[in-house]
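Engineer: Sequence plus predicted model, see below.
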Amino acid sequence: MPRTARVQSESGIYHIMVRGVNKHNIFLAEQDRIRYLQTLDRIRQKIDFDILGYCLMDNHVHLLLREGSPGSGSSVSRIMHRVGTSYVRWFNSTYERVGHLFQGRFLSVPVEHDPQVLAVLRYIHQNPVEAKIVSTCLEYPWSSHRVYERGIDHIPSLTDTSLAIEIAGGLPQLIDYLNTRSDDTANPASYNLLLIHHGISEKDLCALLRSLLNNQPTGTLKHMPKQKRDEILSTLKSIPGISLSQIVQVTGFSRSTVFRARPPGDDEVDLDHMKHCGR
């Protein structure tokens, strides 16, 4: 089958996720993280796009990215291809290695509405907290949270904070929101925003699945060869915010079939997903 098309964002904003092949680390030292941010900044100055937020974990990256104006040639695919190619070339040269560094294609989820922009930014910043690496977002040095809260960035002017601040109604309101745990139902009076869960609705999941199927009906998945079917199921499982139960509900496959689905060339047992499959 031809390569599946990406779901396009009408707003031009995407939550981008890149992870290491077989979940291996893509950053081995501080210099690697600096280099990745420098690469983002260098490509940003050549191609029209904005970085609204980021978080560099050991084996994966989260970006909140906004494409440039139509006709500028700044599609998310072009941006990430150039960033990825440049970083992998440098990484392989530095560590005298060959081969792939990233796991397949990067993942992109459209972010269409203002509340989603804030919810995704909060999700990205709270990754290290959820992973129990730090107790607060501010403590983690490799996310854009410090840019918003303290005005400190590793690469000056890399992060565009203006949109999120505008949506929140001011910087104090935004910081309050970003520091509120994403499963918190509180709605402080300091801002008038709908606090939405960062998970993906069943409707959004159906739309995403249809896109992976080249706009064919979702039932098409049941009639695909096992390898291609498992590749699509694995893609859905790898997106933060999509639970195993949602995939079972939308695809009609059994829980065990969805759980066992592995991308091509990956025979590992995904213990992390097993632990959280009830979410």
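Structural biologist: All right, it came through fine. Numbers count the residues shown, from 1 in each chain.

Engineer: could you point out the longest helix in the chain?
Structural biologist: Longest helix of the chain, by residue count under DSSP state H: helix 76-94.

Engineer: Could you check the pLDDT of Ser9?
Structural biologist: Confidence at Ser9, expressed as pLDDT, is 83.

Engineer: now for the longest helix of the chain, which elements pack on it?
Structural biologist: strand 13-19, helix 30-46, strand 60-67 (3 or more CB pairs under 8 Å, 6 or more residues apart in numbering; DSSP states H and E). (C-beta placed from N, C-alpha, C; glycine too.)

Engineer: Indicate which one of those is closest to Glu231.
Structural biologist: Nearest of the helices and strands packed on helix 76-94 to Glu231, taken as CB to CB: strand 13-19 at 15.5 Å.

Engineer: that older thread, buried ones in the longest helix of the chain, by neighbour count?
Structural biologist: Val76, Ile79, Met80, Arg82, Val83, Gly84, Ser86, Tyr87, Val88, Phe91 (16 or more other CB atoms under 10 Å).

Engineer: cool, stretch 8-23 as well?
Structural biologist: Ser9, Gly12, Ile13, Tyr14, His15, Ile16, Met17, Val18, Arg19, Gly20.

Engineer: In JSON lines, list those residues along with distance to Arg229.
Structural biologist: Below are those laid out as JSON lines (distance: CB to CB, whole Å):
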{"residue": "Ser9", "distance to Arg229": "26"}
{"residue": "Gly12", "distance to Arg229": "31"}
{"residue": "Ile13", "distance to Arg229": "30"}
{"residue": "Tyr14", "distance to Arg229": "25"}
{"residue": "His15", "distance to Arg229": "25"}
{"residue": "Ile16", "distance to Arg229": "25"}
{"residue": "Met17", "distance to Arg229": "22"}
{"residue": "Val18", "distance to Arg229": "24"}
{"residue": "Arg19", "distance to Arg229": "21"}
{"residue": "Gly20", "distance to Arg229": "24"}
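
Engineer: Any regions of the chain where pLDDT drops low?
Structural biologist: By pLDDT under 70, the low-scoring segments of the chain are 1-6, 71, 182-201, 240-241, 264-279.

Engineer: circling back: how far is the longest helix of the chain from where the chain is centred?
Structural biologist: The chain centroid and the centroid of helix 76-94 are separated by 17 Å, computed with CA atoms, centre = their mean, to the nearest Å.

Engineer: Check which element follows that helix along the chain.
Structural biologist: The helix or strand immediately downstream of helix 76-94 is strand 107-110, counting by DSSP states H and E.

Engineer: And that following strand, what's buried?
Structural biologist: For strand 107-110, by 16+ other CB under 10 Å, it's Leu107, Ser108, Val109, Pro110.

Engineer: now for it, which elements pack on it?
Structural biologist: Against strand 107-110 (3+ CB pairs under 8 Å, 6+ apart) you get strand 13-19.

Engineer: Which residues does the strand it packs on contact?
Structural biologist: Residues from elsewhere that reach strand 13-19, judged by CB atoms under 8 Å, 6 or more residues apart in numbering: 26, 52, 59-67, 76, 80, 84, 102-103, 106-112, 117, 120, 123-124, 238-240.

Engineer: cool, and stretch 249-265?
Structural biologist: When contacts are defined by CB under 8 Å, 6+ apart, stretch 249-265 is touched by residues 103-104, 202, 205-206, 209, 218-219, 221-222, 227, 229-231, 233-235, 237, 244-245, 247-248, 268, 270, 273-274, 277.

Engineer: Taking those residues, please make a ChimeraX selection of just the buried ones.
Structural biologist: Per 16+ other CB under 10 Å, the buried members of those correspond to this ChimeraX selection:
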select :103,104,205,206,209,218,221,229,230,231,233,234,235,237,244,247,248,270,277
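
Engineer: Which ones among the contacts of stretch 249-265 map onto helices?
Structural biologist: 202, 205-206, 209, 227, 229-231, 233-235, 237, 244-245, 247-248, 273-274.
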